[in-house]
Each structure stands twice: as structure tokens, then as C-alpha cells.
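1. quick one: sequence and predicted model below, then my questions.
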Amino acid sequence: MSEKPDILSLPYLEITSDLCKGCGLCIEHCPQKVIEFSANFNTLGYRYAIYMGEGCTGCGVCFYCCPEPGAITIYKKPKGA
Ligand code: SF4
Ligand code: SF4
């Protein structure tokens, strides 16, 4: 994704596809079930995880269970917004 999400779509999940190793931990543990595998492969040859585009609550579970540093970024509304 090249553009950052609009504040109205926050919280929002961004997965850097070429850092994902396709382990599936985020998909398995997301309480909202809003992450799935892409039909495509990244440059490492893995089917990477993608955010379905809505439904993320910003809970952070995917971020903390991902073993690949930098693969997952969660955008949340600033306090008071
Ligand atoms: S932050 Fe929580 S709800 Fe959002 S994608 Fe990650 S695990 Fe799912
Ligand atoms: S937990 Fe991380 S490495 Fe594993 S599928 Fe999700 S984004 Fe990819």
C-alpha cells in the first residue's frame, strides 16, 4: 500500500508483503478474522497475509504474534480524535 489510510478508516492494518513469511499466525489469531492469505506470492515465494480492508479493532494481537519485525503496522486514531 502506498498511501496511508484516511483517518475515517482507522484502525487500519498494513502488511508489508515482502516481509511476510506466510506463517499464518496473524490469520489464525485475529479475533475479528479480518486477515487472509493473498492469492499471490511475494518476492520470497510466500503467499502473504493481507488485511480484508475493514473490521480491524486495533487490538494489536496480529502485531504481537507476528515473528517478522516490521511486517505488520497498525494505524490507530489518536487519542481524542
Ligand atoms: S489489530 Fe486485532 S483486529 Fe486488527 S487485524 Fe490485528 S488482530 Fe485483527
Ligand atoms: S504473522 Fe507475520 S509473517 Fe506470519 S503471516 Fe502474518 S504477517 Fe506474515
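-> Right, received. Where do you want to start? Residues are numbered from 1 along each chain as shown. Ligands and ions are numbered 1, 2, ... in the order given.
2. make it CA atoms for all contacts and neighbour counts henceforth
-> Fine.
3. residue contacts, residue 40?
-> Counting by CA atoms under 8 Å, 6 or more residues apart in numbering, residue 40 touches 47-48.
4. and it, backbone torsions?
-> phi -100, psi 170 (degrees, to the nearest 10).
5. again with residue 61
-> Residue 61 adopts backbone torsions of phi -60, psi -40, taken as degrees, to the nearest 10.
6. how much space between it and residue 71?
-> Residue 61 sits 13 Å away from residue 71, going by CA to CA, to the nearest Å.
7. ok, residue 61 touching residue 29?
-> Yes - at 7.0 Å, residue 61 and residue 29 qualify as touching, with contact defined as CA atoms under 8 Å.
8. what about the helices in the chain?
-> 25-29, 61-65 (DSSP state H).
9. using JSON lines, lay out those together with distance to ligand 2 and mean pLDDT.
-> Shown next, in JSON lines, are the helices of the chain (distance: least, CA to the nearest ligand atom, whole Å; pLDDT from 0 to 100):
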{"stretch": "helix 25-29", "distance to ligand 2": "4", "mean pLDDT": "98"}
{"stretch": "helix 61-65", "distance to ligand 2": "6", "mean pLDDT": "98"}
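10. I appreciate the help and will end here.
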